[in-house]
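Enquirer: With the sequence up front, the predicted model follows.
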Amino acid sequence: MESLIIKKTKQTPEINFNAQSGVLEIKGRSIPENSFEFYTPVLSWIDQYIKKPNENTIIKVYLEYFNTSSSKFILEIFKKLQKIQNIDNKNILIEWYYDKNDEEMMETGKDYKDVTELPFEIIINE
């Protein structure tokens, strides 16, 4: 399976989903004019990945800001990745990074943790 790489813009995050290593990174701002258009290929890639995931999958999220429509797609990404938990000998971890002065982003990470029931680490991005 090929990796998915989408370069960041002023309105969209960098997506670097490495199929070989199992490290999936989302970095930057997510305020696309059309969230559906931006996130559809991301969700399609995940649909393929979960058919044959790595032994360990780590999702690293470094978002400085995202809008409401992006938050729904981020939740959808996490929900799709939950399926990995049900596969024998497969592990998944979300690493949610936030700036030390951004309590709102820290709380958002905690909210996603509660909603998804995925293994989550909330990490200060220094």
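Expert: Done, it's in. Residues are numbered from 1 along each chain as shown.
Enquirer: now the strands for this protein?
Expert: Shown for the chain, the strands assigned by DSSP state E span residues 4-6, 14-18, 23-30, 56-66, 91-99, 120-125.
Enquirer: Partner strands of the shortest one and their direction?
Expert: The strands that strand 4-6 pairs with in its sheet are strand 14-18 (antiparallel) (by DSSP bridges).
Enquirer: With the last one instead?
Expert: Strand partners for strand 120-125, identified by DSSP bridges, are recorded as strand 91-99 (parallel).
Enquirer: Name the surrounding residues that touch the partner strand.
Expert: Residues outside strand 91-99 that contact it (C-beta atoms under 8 Å, 6 or more residues apart in numbering) are 53, 55-62, 64, 78, 81-82, 84-85, 105-106, 109, 112-113, 116, 118-125. Placement of C-beta: from N, CA and C, glycine included.
Enquirer: Just the buried positions in it, please.
Expert: Across strand 91-99, burial judged by 16 or more other C-beta atoms under 10 Å covers 92, 94, 95, 96, 97, 98.
Enquirer: Identify whichever of the strands of the chain lies nearest to residue 41.
Expert: Taking C-beta to C-beta, strand 4-6 is the member of those nearest to residue 41, at 7.2 Å.
Enquirer: do you know how far residue 7 is from residue 94?
Expert: From residue 7 across to residue 94, the span is 23 Å (C-beta to C-beta, to the nearest Å).
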